[in-house]
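**Student:** sequence and computational prediction follow.
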Amino acid sequence: MVIKTPRKKHHIPISKRVKQVSPSGIRKFFDLIASMEGVISLGVGEPDYATPWHIREAAIFSLEKGHTMYTSNQGMPELRQELSRYLRQTHDLEYSPDTDLLITVGVSEALDLAMRAILNPGDEVIIPDPCYVSYDACVFLAGGTPVMVPTSEQNNFEVGAADIEARITDKTRAILIGYPANPTGAVMSREKLSQIADVARHYNLLVISDEIYAKLVYGVEHTCFATLLQMKERTILLNGFSKAYAMTGWRIGYAAADKEIIAHMTKIHQYTMLCAPIMAQEAAIEALKSGGNSVTEMVEDYNRRRMVIVKGLNDIGLSCFEPKGAFYAFPSIRSTGMTSGEFAEKLLMEEKVAVVHGSAFGKCGEGYIRCCYATSLEDIEEALSRMKRFVAKHRRA
């Protein structure tokens with residue numbers, strides 16, 4: 001007879017892997033400001049616009065028609081057809097609506113599905129640093145190992161093909177990039193992205209390209225990674241509606257890739273999320289059909305705000321390179337002698353301006369803060385005035 005040692009009372013089994021993942025540096029910080037009054041937020045990365053009325057109206061009409069049921073796991077056929085048309089017209093890319101597209105609950109779910117579909121335990125994914133907070137966490141939670149590649153302000157926070165190649169091992173399975181970039185606003189040229197594509201082809205690697213900010217570029221052109229030479233079949237293209245169409249709360253995104261990859265991503269999606277909300281999918285159809293003018297107007301407004309905040313940050317002594325995409329400025333705070341966490345917390349407590357500490361986005365984000373300029377010019381100007389006072393007070397002698 002085997003005698004089993006009894007467990008301690010109230011034992012709660014938690015995955016060791018989950019325990020090793022830190023809470024989001026963004027959300028954890030913003031729990032702090034939830035009860036504060038008079039705060040100007042340059043923190044949360046979402047548009048200050050409401051979703052354009054005609055898009056909201058499409059969702060309202062879907063409710064009035066009683067469209068409150070599940071859809072196909074892969075997403076509404078009408079949305080996939082419209083998305084296929086959009087990708088063909090915008091990027092000259094042919095994706096079958098039946099096999100090559102998956103509608104997801106935001107790009108965040110698409111990223112999680114991609115990692116779980118392609119990784120085995122110990123597989124490595126190369127990621128630029130700094131990067132969006134969920135990149136390395138999604139790799140790690142899928143059993144993989146994130147391999148970070150440092151980038152710097154001196155190189156405009158662009159990752160180099162040679163730096164990626166230097167970190168490739170026999171365990172490397174993919175490269176994960178996101179340009180235009182969060183948190184830096186960096187945009188990479190087609191030439192530099194082509195060099196990364198050369199590396200991916202040479203070593204037979206997948207590239208996961210998060211292009212959620214593709215429409216938010218200023219004075220430059222966005223390059224869709226899948227359009228590069230022989231890269232469509234080895235790229236998992238991630239995008240969605242949150243940023244360009246001011247639809248963050250709708251949680252609607254998509255993945256476009258080789259049919260085998262999409263099939264396996266869909267399999268996981270079936271057992272976890274099931275499908276994206278039908279109302280959000282119907283709104284996305286309207287966004288693709290008729291949302292272009294609204295996007296253009298928002299981008300023009302973001303560009304005006306971008307110029308104001310970048311000039312303002314430089315004027316008050318926080319050196320800031322010019323971001324060419326997304327809606328973030330990423331100034332250096334090293335002149336104050338504080339860590340990015342100290343700067344963000346003191347700025348909030350003393351001047352009621354909320355920013356995100358750069359270290360939330362990786363080791364190379366230390367010494368910087370992320371300032372989101374998707375807020376009103378009035379608030380940006382007032383925030384700059386408060387920050388000027390704060391920097392003058394704390395500037396290192």
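**Tutor:** Cool, got the structure. Numbering: from 1, shown residues only.

**Student:** distance of the nearest residue to residue 52 once chain neighbours are set aside from residue 54?
**Tutor:** Excluding the flanking residues, the one nearest residue 52 by CB to CB, 6 or more residues apart in numbering is residue 294, at 4.2 Å. C-beta: built from backbone N, CA, C; applies to glycine. Counting by CB to CB, to the nearest Å, the gap from residue 294 to residue 54 is 8 Å.

**Student:** what do you get for residue 209?
**Tutor:** According to CB to CB, residue 209 and residue 54 sit 29 Å apart.

**Student:** go on, residue 275?
**Tutor:** Distance of residue 275 to residue 54, given as CB to CB: 24 Å.

**Student:** higher neighbour count, the two?
**Tutor:** residue 275 (19 against 15; other CB atoms under 10 Å).

**Student:** poorly predicted segments of the stretch 1-150 of the chain, please.
**Tutor:** Where the stretch 1-150 of the chain drops to pLDDT under 70, the residues are 1-10, 25-32, 34.

**Student:** would you map the strands across the stretch 1-150 of the chain?
**Tutor:** 40-41, 101-104, 124-129, 145-150 (DSSP state E, counting those that start in this stretch).

**Student:** and the last one, what's buried?
**Tutor:** Yep, that's strand 145-150 we're talking about. Buried positions in strand 145-150, judged by neighbour count with 16 or more other CB atoms under 10 Å: 145-149.

**Student:** give me the sheet partners of that strand and which way each runs.
**Tutor:** In the sheet, strand 145-150 lines up against strand 124-129 (parallel) (DSSP bridges).

**Student:** ok, back up a step: dump the buried residues of strand 145-150 into TSV; add distance to residue 36 as well.
**Tutor:** Formatted as TSV, the buried residues of strand 145-150 follow (distance: CB to CB, whole Å):
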residue	distance to residue 36
145	39
146	34
147	38
148	33
149	37
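
**Student:** just to revisit the earlier point, enumerate every residue touching the residue nearest to residue 52.
**Tutor:** Contact analysis of residue 294 by CB atoms under 8 Å, 6 or more residues apart in numbering lists 52, 55, 245-246.

**Student:** in terms of helices and strands, where is it?
**Tutor:** For residue 294, the element it lies in under DSSP states H and E is helix 292-315.

**Student:** can I get that helix in CSV, CA atoms only?
**Tutor:** Extracted as CSV, the C-alpha positions of helix 292-315 are listed here (Å, rounded to 0.1, in the frame of the first residue of the first chain):
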residue,chain,number,x,y,z
GLY,A,292,-11.0,55.7,-44.9
ASN,A,293,-12.0,59.4,-44.6
SER,A,294,-12.3,59.2,-40.8
VAL,A,295,-8.8,57.6,-40.6
THR,A,296,-7.3,60.3,-42.7
GLU,A,297,-8.8,63.0,-40.5
MET,A,298,-7.5,61.4,-37.3
VAL,A,299,-4.0,60.9,-38.7
GLU,A,300,-3.8,64.5,-39.7
ASP,A,301,-4.8,65.6,-36.2
TYR,A,302,-2.4,63.1,-34.6
ASN,A,303,0.4,64.6,-36.8
ARG,A,304,-0.3,68.1,-35.4
ARG,A,305,-0.2,66.8,-31.9
ARG,A,306,3.0,64.9,-32.6
MET,A,307,4.8,68.0,-33.7
VAL,A,308,3.6,69.9,-30.6
ILE,A,309,4.6,67.3,-28.1
VAL,A,310,8.0,66.4,-29.7
LYS,A,311,9.0,70.1,-29.8
GLY,A,312,7.7,70.7,-26.4
LEU,A,313,9.6,67.8,-24.8
ASN,A,314,12.8,68.9,-26.4
ASP,A,315,12.3,72.5,-25.3
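
**Student:** that helix: which residues count as buried?
**Tutor:** Result for helix 292-315 [16+ other CB under 10 Å]: buried residues 294-295, 298-299, 301-303, 305-306, 309-310, 312-313.

**Student:** ok, stretch 79-90 next?
**Tutor:** For stretch 79-90, a neighbour-count test (16+ other CB under 10 Å) marks 79-80, 82-84, 86-87 as buried.

**Student:** starting at the chain centroid, how far to it?
**Tutor:** Centroid separation for stretch 79-90 versus its chain: 22 Å, with CA atoms, centre = their mean, to the nearest Å.

**Student:** likewise stretch 359-369?
**Tutor:** Centroid separation for stretch 359-369 versus its chain: 16 Å, with CA atoms, centre = their mean.

**Student:** how about residue 239, nearest residue that isn't a chain neighbour?
**Tutor:** Nearest to residue 239 is residue 211, by CB to CB, 6+ apart, at 4.9 Å.

**Student:** how close does the one you found sit to residue 112?
**Tutor:** From residue 211 to residue 112 the distance is 17 Å (CB to CB).

**Student:** now swap in residue 342 and tell me
**Tutor:** 32 Å.

**Student:** the more surrounded of those two?
**Tutor:** When residue 342 and residue 112 are compared for neighbours, residue 112 comes out ahead with 24 against 14, by other CB under 10 Å.

**Student:** nearest residue to the more buried one in space, please, no chain neighbours.
**Tutor:** The shortest distance from residue 112 to any non-neighbouring residue, by CB to CB, 6+ apart, is to residue 138 (5.2 Å).

**Student:** distance-wise, check that neighbour relative to residue 358.
**Tutor:** For residue 138, the distance to residue 358 - CB to CB - is 20 Å.

**Student:** how about residue 111?
**Tutor:** Between residue 111 and residue 358 the computed distance is 21 Å (CB to CB).

**Student:** picking that back up, and which of the contacts of residue 294 is nearest to residue 257?
**Tutor:** Using CB to CB, residue 245 comes nearest to residue 257 of these, at 22.2 Å.

**Student:** quick one, phi/psi of the closest one?
**Tutor:** phi -100, psi 10 (degrees, to the nearest 10).

**Student:** number of residues surrounding it?
**Tutor:** Residue 245 has 26 neighbouring residues, counting by other CB under 10 Å.
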